[in-house]
Every structure is written in C-alpha cells, then in structure tokens.
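> A structural model of the following input is requested.
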Amino acid sequence: MAENPLAIDFTGIPFENPFMLSSAPPTLDAKRVIRAAKLGWGGAVLKTVMEEPTVDPRTRLGAIRVHGKPIGMNNIELLSRHPLKTWTDSWIPEIKEKTPKDFVIVASIMSGPEPEGWTTMAETLSRTGVNALELNVSCPHGSPEKHMGAFIGQNPDLVQKVTKAAKKGTDLPIFVKLTPNVTDIVPIAKAAVQGGANALSAINTVESLIGIDIETATPLPFAYDAELSNPQSTYGGFCGPAVRPIGLRFVSQIAKALPNIPISGMGGIERWENAVEYLMVGASTLQICTAVMWYGFKIIQNLKKGLIQFIARKKYGTLSKIVGNALPNITSWTALPKLSPVVARIIHKKCNLGKECLVACADAGYQAIRMKGKQLVVDPEKCDGCGLCAVVCRANAIEFIKKP
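You can find the predicted model right below:
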C-alpha cells in the first residue's frame, strides 16, 4: 500500500485526504476552519463571499425526521454575513498561518450575470494565497431573486460566460459548483468546462419546501419578525442523507459525459461508505456540510479510518483506483436485462419475524410470502423478484437467488 493511501491530486493540487468542508456554516469564519484543519480535514471551501455581505432570517433551518433521527434538512440561509475585506485582510491570512501546510483552502465567490464582477472577485481572492476558487452559480434561494446563484446556474450560456470571466481574473484552478435544480445537468457542466472550469463541484442543495405546521398553516422553518408574530417562510435548499441519491445521480452523469474533468462530489455524505459511493461514481474529492452540522468536525476521524481500511481490504492501494469503478455498471433502462429468474429468499438466522415483508408483499407485491410454522417463507412460483421485501425488512434478512 502507498505511504498515504488517501492522497490524491485534484486539478494539480495535492490533497492529503479527499475530505473537504463545503461552503456552508462550518466554514463561516477563520476560527472554525482552523479547528477543522487541525482535526485532519483535507481542505475547506470557505463560506461564499460577495461584493457586499448578506443577512439572514431567524430561524432558518428545518428538518425531516424518521423515528426522531434527522434524514434531511432545509435551509434558507444565504452567504457570508461578513465584509469581503474581513476575509481578504484578516481571516484568510489567519487560516493560512494557523493550518497545516498541506491543508487546501478554496475561496467561494458569487457575483451577478455581468462578467465584470466575477473577474474582479477572482482577482481579489487570488491575491490572498488561496489554492483555488469555487464559483457559486447554484444557491437555490434568495440569490436567484437577485439574478444570481441558480438563476445563472440553470442557464448554460450564463454559466459559460461567468466562468470565462472568472478565469480571466486568476491563474488558480476554478471549480464550478452546479445546481441540481435542472432537468439535465450535463449541458450545464459542459458549458462550465467550455468557459474554462478546471473542475466541477456537484451538487448544491435541492430547492424544497420542508413542511407545513398544520396547526397554524405556517410553512417551515419559521422566519420570525421582530415581534415574533406572523411567521413566514420560503423555498429553501434541501440537504443531508435524503439527497444522496440525487447527488450520486448527477455526479455519475457528469463523470460519464466528461470523463476527463475532476469532480468534487457532495450531497448526504455521512459515513465512509457514502464517500466510497461518490468515489465509485466519479468524484475524486468529497465535500461535507450537513453531517458536520449535526455531528461535529470530529467525524473526520471515522471517515478517514473507514476509508483507509476499505482500501486495504479491497487491495486498491490508492484512492484514485476507486474513482469511477461503478460507472461501467450504470446503463440505460432499455439495456437492463428483463425478467431474469431471480426470486427472494429469507435468511432465517437473521429474520426477527417482524413481518414487514409479509404485509408489504400481500398488499403491494405478489402474495409470495407466508408463515410456515414459526418461519416466514417465500413461494418461488409466486415471487416476482421485485425487491419490495428487502426494502421494508429491518433485519436485512432477504437475499436474492436464481429461481429453483
């Protein structure tokens, strides 16, 4: 195994490990970034800065929970609330001084649809000594109302124009952070590359309405006024493990369409297994926000440990040998084999007789599961191999075999 199995090159920047903090509350000031760096994160994308700071409502976060555990979060928070000068003259120099030399610092910038703003912002942030720039053309709330964020990121022509403009203002690598709030992300990704992007970051949050307080008919999260009366809300950005399937979809589509473009993947990464999933669909660095907000910076220890052990167990040797491994197995629906002779079988030593499979198969499947004595069994003649029983089984006691 290589001396450091987690090391990887990304746009010519050497990373000690692929894990970065994404541009979000965990990177809202120097103090937090420095603490994360000392705990072992590979890098950080700083909270997005603009020519002028923004303001936020209170409250601005809401969650979806299953059995009390959050699975997704909505936010209506915008960008950095601190002046650009605070970042350029104070915080970025402090981060550079107090973090390890190999810690990668990426500045996130946003401007409007006119190219001059992007050129100026790129020039200004490049002078601070950061390693790269990330263009935020994907914020789904607030910014589009000002013809920024996802307003730009949903338009290939604008994406190409602002990327080209930012490239004009810097020699640093440029990452373009893409929005999932499009029907097809590939034309947007191609436009960014045509504009000069060195890498793509995917995905930003999914535009959403997290829920409604049905007692008061008020959307969530509540945004209070000064008198704590008449709370309102708006569409926000959905993140967390519930969006991981969307992130994996978009990263894989970009990787298949643009195999030579580095991708920084994000969206619902909580555990090292999730990191491997993103690596296998084409990402080579990984950005994390929600899991840090819920569980703290120290999750990096288990992320790194688990990934190192996986690389050793599978004899990959290096991180780069994982990247893209699943892509050949992602095909079109038309190309999939149809009605192969696969049926379910219950693994009795795992089964806890919860009967979720029995109910699901009876009402929405093929009535193939029944009780036989004190065991649940599958009738292979009735089983259609749909997989519903495995979806609802909490004991992971279903396997699939060739029909006897």
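
> tell me the pLDDT of K321.
On pLDDT, K321 comes in at 97.

> grab the nearest non-local neighbour of G12.
If the residues on either side of it in the chain are set aside, G12 comes closest to P173, at 6.5 Å by C-beta to C-beta, 6 or more residues apart in numbering. All C-beta atoms are positioned from the backbone trio N, CA, C, and that covers glycine.

> how close does the residue most central in space within the chain get to W87?
Within the chain, the residue whose C-alpha comes closest to the C-alpha centroid is G267; the distance, by C-alpha atoms, centre = their mean, is 1.6 Å. Note on G267: its distance to W87, by C-beta to C-beta, to the nearest Å, is 26 Å.

> which strands and helices lie in contact with whichever strand or helix holds L307?
Element membership of L307, judged by DSSP states H and E, is helix 299-313. Under the contact criterion of 3 or more C-beta pairs under 8 Å, 6 or more residues apart in numbering; DSSP states H and E, the helices and strands touching helix 299-313 comprise strand 19-21, helix 30-39, helix 272-280.

> just those: most buried one?
Per residue and on average, the most neighbours among the helices and strands packed on helix 299-313 fall to strand 19-21, with a mean of 26 (mean count of other C-beta atoms under 10 Å).

> ok, that strand: who's next to it in the sheet?
Paired neighbours of strand 19-21 in the sheet (DSSP bridges): strand 43-45 (parallel), strand 285-288 (parallel).

> now mean neighbour count and distance to P57 too, for those, in TSV please.
TSV is the format used below for those (neighbours: other C-beta atoms under 10 Å; distance: least, C-beta to C-beta, whole Å):
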stretch	mean neighbour count	distance to P57
strand 43-45	28	23
strand 285-288	27	25
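
> mean pLDDT and distance to A395 added to those strands, as TSV?
Formatted as TSV, the entries for those read as follows, by pLDDT from 0 to 100; distance: least, C-beta to C-beta, whole Å:
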stretch	mean pLDDT	distance to A395
strand 43-45	98	40
strand 285-288	98	30
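
> still on that earlier bit, out of the helices and strands packed on helix 299-313, which is closest to K161?
Go through the helices and strands packed on helix 299-313 one by one with C-beta to C-beta and the one that ends up closest to K161 is strand 19-21, at 26.9 Å.

> how near is the nearest residue to C386 once chain neighbours are set aside to D157?
Of all residues not flanking C386 in the chain, G365 sits nearest, at 6.2 Å (C-beta to C-beta, 6+ apart). To D157, G365 is 48 Å away according to C-beta to C-beta.

> okay, these two: which has more neighbours?
Neighbours were tallied for G365 and for D157 using other C-beta atoms under 10 Å; the higher tally belongs to G365 (21 against 11).

> hang on, isn't the more buried one packed against G387?
No: here G365 lies out of contact with G387, judged by C-beta atoms under 8 Å, at a distance of 9.4 Å.

> tell me where the protein has helices.
Remark: helices of the chain, listed N- to C-terminal, are 30-39, 84-86, 92-98, 115-126, 150-153, 156-168, 186-194, 244-257, 272-280, 290-295, 299-313, 356-364, 388-392; assignment by DSSP state H.

> just to revisit the earlier point, list the contacts of the residue nearest to the centre of the chain.
Taking C-beta atoms under 8 Å, 6 or more residues apart in numbering, we find G267 in contact with 180, 202-203, 239, 243-244, 246-248, 250.

> by neighbours, which of those residues wins?
A202 (33 neighbours).

> mind listing what that one touches?
A202 sits next to 177-178, 180, 185, 189, 247, 250-251, 254, 263-267 when contact means C-beta under 8 Å, 6+ apart.

> return the closest of these with respect to D379.
The shortest separation between D379 and any of the contacts of A202 is 38.3 Å, and it belongs to G247 (by C-beta to C-beta).

> gap between stretch 323-340 and the chain center?
Stretch 323-340 has its C-alpha centroid displaced from the chain centroid by 23 Å (C-alpha atoms, centre = their mean, to the nearest Å).

> could you list the domains of this protein?
With automatic domain parsing serving as the domain definition, the record reports that the chain contains domains spanning 8-329, 342-402.

> quick one: V130 and H67, what's the gap?
V130 sits 42 Å away from H67 when distances are taken as C-beta to C-beta.

> same thing with L39?
As for L39, its distance to H67 is 30 Å (criterion: C-beta to C-beta).

> what of I299?
Counting by C-beta to C-beta, the gap from I299 to H67 is 21 Å.

> just C393 next, same as before
Taking C-beta to C-beta as the measure, C393 falls 16 Å from H67.
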